[in-house]
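K.L.:
What follows is a protein structure lacking sequence information:
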């Protein structure tokens, strides 16, 4: 009887380890760096940190937190409007430039902007499929996988994800 308990315990531990490894791999995929070149030829690196989905009044919000890195010996100035969110129906959403969300993003030489936030107001059907971020000239970063997500959120409620599969 003791051997059976030991075997069951080992199987449970092994399954937990496999699930943990899968979650870690999903998080690494989500936050992988993308080297981007703008149409003007400027280089920078974007790495997603998290995706937050919430509801305010009758609309939904998508807030992307990203790390922007500048490998150049000069300051890089990016326009926030260059970071466009695209859904499965190829609807495009521009980021908000209200409050702390300035229109220009300045990255110092060989520096980085930690947790730069991009906020988008979207309708509820946006989450029915893939979400991608257009970051630069023809560079798409996958934000959400193709599986539908139907948020049952109350007004003012938010959920944060650190992977694409949500």
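P.N.:
Alright, I've got the coordinates. It should be emphasised that the depicted structure is a prediction, and the values quoted were computed from it without experimental measurement. Numbers count the residues shown, from 1 in each chain.

K.L.:
tell me what the longest strand anywhere in the chain is packed against?
P.N.:
For the chain, the strand that runs over the most residues, judged by DSSP state E, is strand 43-56. Contacts defined by 3 or more Cβ pairs under 8 Å, 6 or more residues apart in numbering; DSSP states H and E place strand 43-56 against strand 34-37, strand 59-69, strand 76-79, strand 140-144, strand 158-161. In this view, the C-beta of every residue, glycine as well, is placed from N, C-alpha and C.

K.L.:
and the longest one with strand 43-56, angle?
P.N.:
The reference is to strand 59-69. Orientation check (axes from the mean of the first three to the mean of the last three Cα atoms, to 10 degrees): strand 59-69 against strand 43-56 gives 160 degrees.

K.L.:
partners of the longest strand of the chain, with directions?
P.N.:
Here strand 43-56 is paired, per DSSP bridges, with strand 34-37 (antiparallel), strand 59-69 (antiparallel), strand 158-161 (antiparallel).

K.L.:
for the helices and strands packed on strand 43-56, which one sits closest to residue 110?
P.N.:
Of all the helices and strands packed on strand 43-56, it is strand 59-69 that lies closest to residue 110, at 8.8 Å by Cβ to Cβ.

K.L.:
Would you mind listing the buried residues in that closest one?
P.N.:
60, 61, 62, 63, 64, 65, 66, 67, 68, 69 (16 or more other Cβ atoms under 10 Å).
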